[in-house]
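>>> What follows is a predicted protein model with its sequence.
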Amino acid sequence: MSNMVHEKLPCGIECAVLPLATRRVVAMQIRMLGGCCSDPSDQLGLAHVVNETIDKGTTARSGRELSDAFDAIGASTGSGTGRETITYTCTVLPEHFERAVALHADFLRNPTFPQDAVDVAIDLARQELTALQDDAHGLLDKYLGRHAYGAVLGRHALGEVEMIDRITRTSIQQYWRDYFCNGRMIVTVAGGIDPRRVVAILDSNFSGFGETASAGREGYPVGFAAQTKHHDKDLEQEQIGIGWPGVDATHDDYPTQQAVIGILSGGMSGRLFTEVREKRGLVYWVSAWSETPRGAGMMFMGASTTPQRCEQTFRTLLSEVERLSDDLTEEELERAKTGILASHETRGDTTRSRCSELASDLFFFGKPVSIEEKIAKLEAVSVADVRRYLQSYPRDRLCVVTVGPRPLENACPSNPENAGAS
Amino acid sequence: MSERNTKSPYTVAHLDNGLTVVVEKMPDVRSVAAGFAIKTGARDDPKGLAGISHFLEHMMFKGTAKRAWQQITVDFDRMGSQYNAYTSEDRTVFYGWVRTGDLERQLELLADMMQSTLPPEEFATEKEVVLEEIAMSADQLDHVAFDFLQEKVFENHALAWPILGYEKTLRPMTRDQMWTYFKKRYVPANMTLVVAGNVDPSEVLALAERYCASWKTGDPGDQRVPATLATGVATLQVERFQQQVVALSFPSVGAFDSRVETVSAATTILGGDNSRFFWNITQKGLALRAGAYHMDYTDCGVMILYGTCEPSRCEGFLDALRAEADHICKEPVTSEEADRVKNKRRTSLAVEAEAPYYRLTQLMDDMEFYGRPRTVAQRLAQVDAVTPETILEYFGTHPINIQGHLTSVGPRMWPV
């Protein structure tokens, strides 16, 4: 952390730079604190369309000229619309970093949102929603998010088909004015580059871009309700998703929650893979994962199986998480922790991964967090901590979602509300 | 053991039993990736046993003389290994990516797995897992479309059947059939051990000797036959899907061909992120996605132009694909287009050099297609040799403005 730079630049951007002297690339991530939770409630999908059109023309360049300019420096770029952010990523050779920042500044600051590009983006958004119907996992993800998180955090980035036509060039421009400014920007950079140079380049390219006061730092409320929902769909397999509230990324219990996920689903020796797939042959895909929007946490388990094995798969998933308190061993916990710790030196050690992790630190904690600190907290997790965690956050109220040819029977009798098929 | 050391970062050696060992030293990383590539895949599945290579890949995790299946996964996870396996048409790969200090444990475990006992008591349960994988694949439009394309384009050839096989070939498959196939194909002469990371090559070679030298030699009995691509039209109507996948396939060069970087550049110019298809097809609203993909095998290749569109837009989309194909066959691409592709390739090579797992997969490709690792300088030289003229020459010998093979999968019975 000694050479790390973290500061709010004079232009208003919150920035952190991690110099990695031996690396031959530089990775940058820009998180604009907007996202689909900021969509107007009658134009869900707007942030996604803004993101799809923002680089299709600027006051200086056409969309194609902009793409050509990125390609001319060999930049590997990407973007994505999430619940709470719109994210831009870029990897370049160090000698092209300054140019890459200038090009990002061009489209983020000076978009013209050409009408023809807007028309195409709206049409493609409608097609994306249709294509989602051909993606069984994607559908489960959409419905599980909607039912587990509630009205705001449960929005899907693509929006809803009945609202797409309400999006206009005017509403796109308004969203951009409201949510694209330096005060809402978190920028992280990692790689073979001098941090002071990065700071100077960012500040000069973005100086004067909208509001400088920090904004968009708060999360959104979770509207969790225990429920069982089935979405009928002609599929070979039934998709099963189960969600329940957990803790957020800054909570003291978060490292324990990470360990629980590791025990359930960290590797092929994880409980779900072992019990659901390898011992019983019920599934090919089975997993547990957690999501942590700011200020909230949600635990999930999911599996897909042919309809006649749906009930058994569901019961096995639930029983595995329930018996954790009874028979968890020290060795099992150590294995789960080792999986997380080792990943810092394998796939987590690429320049892109380090940059992305730094961006998450700023997003959740408002500051960089050293790997040593994260490791120490995870290493301290004990079997007793896991048991206490499981008691503190019980699975007595579940959000259960199925997508496929048939609903579960008596999925969760204890759930206070038990809605029928939709 | 024969050994060949050069000034390059690579070491290539052969154990006496025929196992090839390849090591790349990466001094700037903290980890190491190790893996076995076996030259056997779906195209080697005996007739009537489609899916056996892939099912075997699953069974390789199920037990050895030293370890029960639970112990295999526990031992991987004790190291925090990022591990997995996959089967393609041409090969099967098992790998683990670990912290540098865990190299020996990782290599010993992978080597032990290669001597699997294929426990008979696990056979039926694991078959159910594979059948679930087949069912899952049937719910994914892209998978259904790709399998259909392979089936039709490679009609009557071993490349025609899906990697996962069919329920009708999996159900009657026996453990004895798998054992026979395993003992024939998983012999040292048909296998390559690749290690990339911050390691001492001589230590890796000593470990390879320790854990693999006792393996018995054998003849894999390679009987691969080059494929001939079919022309024509094939439609698969699946009413439960909403979108239509439309694809055109044309004969191309194999992965060993010296023009492979030229072909890669051509596909990027046609169907990459900032490509002709993106601006002239997707951004015209003709299709949700449109791309070009070069499928390369050891002895043949296919250039595929494809996309996903609304069923009512198939005609317009196909016309646009054919128009772009005709254009690139007749007019040279601009030097700016060629340069842009080359610039992106330089960045991707620098990114690849950071991660031992990325290098592992590239080294496996190099060994299979070139018989030796290629240095970054060698690969850059091949990239730099690409010009508008070489691209035009390629399309002169492998045109894509001919009939080719059209496949269409989705809710619409089109073309009828």
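Nice, I can see it. Numbering: from 1, shown residues only, chains lettered A, B, ... in the order given.

>>> just the helices in the stretch 301-422 of chain A please.
Taking DSSP state H, counting those that start in this stretch, the helices of the stretch 301-422 of chain A run over residues A:310-322, A:324-327, A:330-343, A:351-365, A:371-379, A:383-392.

>>> of all those, which lies closest to A:G138?
helix A:310-322 (19.4 Å; Cβ to Cβ). Quick note: C-beta positions are derived from backbone N, CA and C, even for glycine.

>>> looking at chain A, which helix or strand is least sure?
In chain A, no helix or strand scores lower on mean pLDDT, DSSP states H and E than helix A:324-327, which sits at a mean of 90.

>>> count of neighbours near the residue of chain A found nearest chain B?
Residue nearest to chain B within chain A (Cβ to the nearest Cβ): A:A342, separated by 2.5 Å. Residues near A:A342, counting by other Cβ atoms under 10 Å in any protein chain shown, number 22.

>>> just the one 4 residues further on next, same as before
Summarising burial for A:T346: neighbours were counted as other Cβ under 10 Å, giving 26.

>>> repeat for A:G404
A:G404: 25 neighbours (other Cβ under 10 Å).

>>> Quickly list what it is bridged to.
A:D232 (DSSP bridges).

>>> right, and it touches A:Q308 too?
No. With contacts defined as Cβ atoms under 8 Å, A:G404 does not count as touching A:Q308, sitting 11.5 Å away.

>>> doesn't B:L56 make contact with B:K127?
No. Between B:K127 and B:L56 there is no contact under Cβ under 8 Å: 11.5 Å.

>>> ok, the two, which is more surrounded?
Neighbours per residue (other Cβ under 10 Å) separate B:K127 from B:L56, with B:L56 holding more: 22 against 19.

>>> shaky segments in chain B?
B:1-7 (pLDDT under 70).

>>> Residue ranges of each domain in it, please.
In terms of domains, chain B is parsed into B:2-212, B:232-410 (source: automatic domain parsing).

>>> between those, which gets nearest to A:S269?
domain B:2-212 (3.9 Å).

>>> Quick one: closest of the domains of chain B to chain A.
domain B:2-212 (2.5 Å).

>>> which residue packs closest to the spatially most central residue of chain A, ignoring adjacent ones?
Against the mean C-alpha coordinate of chain A, by Cα atoms, centre = their mean, the closest residue is A:G82 at 6.3 Å. Closest residue to A:G82 apart from its sequence neighbours, by Cβ to Cβ, 6 or more residues apart in numbering or on different chains: A:G35 at 5.1 Å.

>>> List the contacts of the one you found.
A:A47, A:T81, A:G82, A:R83, A:E84, A:T85, A:I86, A:A157 (Cβ atoms under 8 Å, 6 or more residues apart in numbering or on different chains).

>>> Counting neighbours, which of those comes out on top?
Going by other Cβ under 10 Å, A:A47 tops those with 29 neighbours.

>>> Quick one: name the residues of the stretch 101-250 of chain B near chain A.
B:102, B:124-130, B:132-133, B:135-136, B:138-141, B:240-243 (Cβ under 8 Å from any Cβ of the partner chain).

>>> run the last query once more with 7 Å
B:125-126, B:128-129, B:132-133, B:135-136, B:138-139, B:141, B:240-243 (Cβ under 7 Å from any Cβ of the partner chain).

>>> Count the neighbours of B:S214 for me.
11.

>>> which SS class is it?
Counting by DSSP: H, G, I helix; E, B strand; the rest coil, the backbone at B:S214 sits in coil.

>>> residue ranges for the helices of the stretch 101-250 of chain A, please.
Ranges of helices in the stretch 101-250 of chain A, per DSSP H, counting those that start in this stretch, are A:115-132, A:136-149, A:161-164, A:169-179, A:195-206.

>>> What is the three-state secondary structure of B:G18?
coil.

>>> Okay, and the beta partners of B:A33?
Note on B:A33: beta-bridge partners by DSSP bridges are B:W97, B:A196.

>>> Hmm, it is touching B:T361, no?
No. Checked against Cβ atoms under 7 Å, the pair B:A33 and B:T361 is beyond contact range at 8.7 Å.

>>> so where is the stretch 1-150 of chain A shaky, pLDDT-wise?
Along the stretch 1-150 of chain A, the parts satisfying pLDDT under 70 run over A:1-2.

>>> Could you pull out the strands in it for me?
For the stretch 1-150 of chain A, the strands defined by DSSP state E, counting those that start in this stretch occupy A:5-8, A:14-19, A:26-32, A:76-81, A:86-92.

>>> neighbours of the nearest residue to B:L363 once chain neighbours are set aside, just the number please.
Distance criterion Cβ to Cβ, 6+ apart; nearest residue to B:L363, sequence neighbours excluded, is B:V194 at 4.9 Å. By other Cβ under 10 Å, 26 other residues sit near B:V194.

>>> can you check B:Q223 too?
8.

>>> hang on, the earlier thing: show me the residues around the residue of chain A closest to chain B that make contact.
Shown in contact with A:A342 (Cβ atoms under 7 Å, 6 or more residues apart in numbering or on different chains): B:M79, B:G80, B:V98, B:R99.

>>> Wait, the last one touches A:R347, no?
In other words, B:R99. No. Using Cβ under 7 Å, B:R99 is not in contact with A:R347, being 11.8 Å away.

>>> Apart from its chain neighbours, what residue comes closest to B:E128?
That would be A:G281: by Cβ to Cβ, 6+ apart, it lies 3.3 Å from B:E128.

>>> same deal with A:D135?
Using Cβ to Cβ, 6+ apart, the nearest residue to A:D135 is B:Q140, at 7.2 Å.

>>> can you tell me how far the residue nearest the centre of chain B sits from B:D147?
By Cα atoms, centre = their mean, the mean C-alpha position of chain B lies nearest to B:S88, the distance being 5.2 Å. To B:D147, B:S88 is 14 Å away according to Cβ to Cβ, to the nearest Å.

>>> hang on, B:A65 packs against B:T117?
Yes. Using Cβ under 7 Å, B:A65 is in contact with B:T117, at 6.0 Å.

>>> And the helices in the stretch 1-150 of chain B?
Under DSSP H, counting those that start in this stretch, the stretch 1-150 of chain B gives helices at B:52-59, B:69-78, B:103-113, B:120-138, B:141-153.

>>> So for B:A33 and B:T361, which sits in the more crowded spot?
B:A33 (29 against 19).

>>> which ones are touching the more buried one?
B:A33 touches B:Y95, B:W97, B:A196, B:G197, B:P356, B:Y357, B:L360, counting by Cβ under 7 Å, 6+ apart.

>>> What of A:L158?
By Cβ under 7 Å, 6+ apart, A:L158 lies in contact with A:G45, A:H48, A:A125, A:E128, A:L129, A:L132.

>>> Just the pLDDT for it.
If you check A:L158, the pLDDT there is 98.

>>> Next up, phi/psi of it, please.
phi -70, psi -10 (degrees, to the nearest 10).

>>> Starting from B:A287, give me the distance back to it.
Remark: distance between A:L158 and B:A287 (Cβ to Cβ) = 17 Å.

>>> same thing with A:D55?
As judged by Cβ to Cβ, A:D55 and B:A287 stand 20 Å apart.

>>> So which of the two has more stuff around it?
A direct count of neighbours by other Cβ under 10 Å for A:D55 and B:A287 places B:A287 higher, at 28 against 22.
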